[in-house]
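Q: Based on what follows, work out the 3D shape:
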Amino acid sequence: MQVARWWKKQPKGIECFLCPRRCLIAEGHYGFCNVRKNESMTLLTLAYNHPIAVNLDPIEKKPLYHFYPGSQILSIGTIGCSLACEFCQNWDISRAKPDQAAHREITPEAVIKIAQQAGSIGIAFTYNEPTIFGEYVLDIATLAHQSGLKTVMVSNGYITAQAIDDIYPLIDAANIDLKSFSEDFYRRYCHGQLKPILEALERIKSIGTFLEVTTLLIPDLNDSDSEIEQLTRWIANHLGFDTPLHFSAFHPDYHLRHLNRTPKATLDRARMIARNNGLRYVYEGNVLSDREDATYCYNCGKLLIERDGFSVLRSNLKGNICTCGAKIAIVQ
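A: Okay, the predicted model is just below:
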């Protein structure tokens, strides 16, 4: 175990301010995330050096379509999460207790070595919520940049301003889940709040981290025209028209196994609304796609990157300028 950051002592325990939940953790107890523990009035993190998943993945799997497309990235995750989504597709690790998952012991130095040997462009913190192992992220990201490697966060965005300012200057790109544009949805189905996530998205963007957004559309819960209209208009106005947006199809899982899968027609409708609100790069995931996973020039319509699942089949783009002269929001 490692001494954690982002906490202070209070009369009745330790207040953790890594995420907006700000758990007050009594002696001998864990925070909501299940990996931050009060021992003798010192906050410890059980996640440090203890990933349970280490894999080389396509960057498109994160999903990041505009950050070194076609590359491979070493992806790591631990147990724990700052939310408790009823529809979580990684619930077996995100809600696991410390004694319920077999972890490996891998130091930040060892993570860098594995990435270099694998030919990875860098490290992606993913699978569970990486904010809750922020200390591990900081140390790995610092070494990654010293070694010329890129860093990626795949996050629910439930993080405080203090932690953003510490972590995200070391993060090159992020995909943030914006699960809904409804406070009621976040309260009932994620056991969290929407407002801190919107604030985090704007703050992360202002720091300079390259940003993409994902929204999982769940039938009858967050897929109405009015909500998609509000969500996509907010992204356009607060994050910019160039922000890549991924609409992903829900499949029954965890506590929502009784719901139906999201039909492709729902994603098509959401994509049309987003495009009508000015978003230039809108993608569909978790479904068989016709061409909705390809990247086109917003100005002339030229096919720039053709994909099949998580694979790039063809790229007609060198740098970030289309042949028509339009600047494309892409890093490669």
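Q: how about the worst-scoring helix or strand of the chain on mean pLDDT: buried residues?
A: Least confident helix or strand, the chain: helix 91-94 with a mean of 91, by mean pLDDT, DSSP states H and E. For helix 91-94, a neighbour-count test (16 or more other Cβ atoms under 10 Å) marks W91, I93, S94 as buried. (Each C-beta comes from the backbone N, C-alpha and C, glycine too.)
Q: got the CA positions of whichever helix or strand comes after it in PDB?
A: Using DSSP states H and E, the helix or strand that directly follows helix 91-94 along the chain is helix 108-118. Extracted in PDB, the C-alpha atoms of helix 108-118 (Å, rounded to 0.1, in the frame of the first residue of the first chain):
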ATOM      1  CA  PRO A 108       5.700   2.500 -12.800                       C
ATOM      2  CA  GLU A 109       9.200   1.800 -14.100                       C
ATOM      3  CA  ALA A 110       8.100  -1.700 -15.100                       C
ATOM      4  CA  VAL A 111       5.000  -0.300 -16.900                       C
ATOM      5  CA  ILE A 112       7.300   1.900 -19.000                       C
ATOM      6  CA  LYS A 113       9.600  -1.000 -19.900                       C
ATOM      7  CA  ILE A 114       6.600  -3.200 -20.900                       C
ATOM      8  CA  ALA A 115       5.200  -0.400 -23.100                       C
ATOM      9  CA  GLN A 116       8.600   0.200 -24.800                       C
ATOM     10  CA  GLN A 117       9.100  -3.500 -25.400                       C
ATOM     11  CA  ALA A 118       5.600  -3.900 -26.900                       C
END
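Q: How is the chain divided into domains?
A: Under the assignment automatic domain parsing, the domains of the chain span 2-45, 53-293.
Q: Dump the buried residues of helix 91-94 into a markdown table; add distance to D223 as well.
A: Below are the buried residues of helix 91-94 laid out as a markdown table (distance: Cβ to Cβ, whole Å):
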| residue | distance to D223 |
| --- | --- |
| W91 | 21 |
| I93 | 27 |
| S94 | 23 |
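Q: sorry, back to before: dump the least confident helix or strand of the chain to PDB, restricted to CA.
A: C-alpha atoms of helix 91-94 as PDB (Å, rounded to 0.1, in the frame of the first residue of the first chain):
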ATOM      1  CA  TRP A  91     -18.700  -4.200 -13.100                       C
ATOM      2  CA  ASP A  92     -16.600  -7.300 -12.100                       C
ATOM      3  CA  ILE A  93     -13.600  -5.000 -11.600                       C
ATOM      4  CA  SER A  94     -15.100  -1.600 -11.100                       C
END
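Q: next one: it to chain centre, how far?
A: Centre-to-centre, helix 91-94 and its host chain are 15 Å apart (Cα atoms, centre = their mean, to the nearest Å).
Q: what does stretch 310-327 rub up against?
A: 57-58, 60-61, 69-70, 295, 297-300, 302-307, 328-332 (Cβ atoms under 8 Å, 6 or more residues apart in numbering).
Q: tell me how far the ends of it are from each other?
A: One end of stretch 310-327 to the other measures 24 Å (Cα to Cα, to the nearest Å).
Q: pLDDT averaged over it, what's the number?
A: For stretch 310-327, mean pLDDT rounds to 94.
Q: would you list the domains of the chain in a markdown table and tack on distance to S311?
A: Shown next, in a markdown table, are the domains of the chain (distance: least, Cβ to Cβ, whole Å):
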| stretch | distance to S311 |
| --- | --- |
| domain 2-45 | 34 |
| domain 53-293 | 7 |
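Q: Could you turn the buried ones of the contacts of stretch 310-327 into a PyMOL selection?
A: Here is the PyMOL command that selects the buried residues among the contacts of stretch 310-327 (16+ other Cβ under 10 Å):
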select buried, resi 57+58+60+61+69+70+295+297+298+304+305+306+307+328+329+330
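Q: sorry, back to before: quick check: of the buried residues of helix 91-94, which lies closest to H29?
A: Distance to H29, by Cβ to Cβ, is smallest for S94 among the buried residues of helix 91-94, at 19.2 Å.
Q: Which residue comes closest to that closest one once chain neighbours are left out?
A: C81 (3.9 Å; Cβ to Cβ, 6 or more residues apart in numbering).
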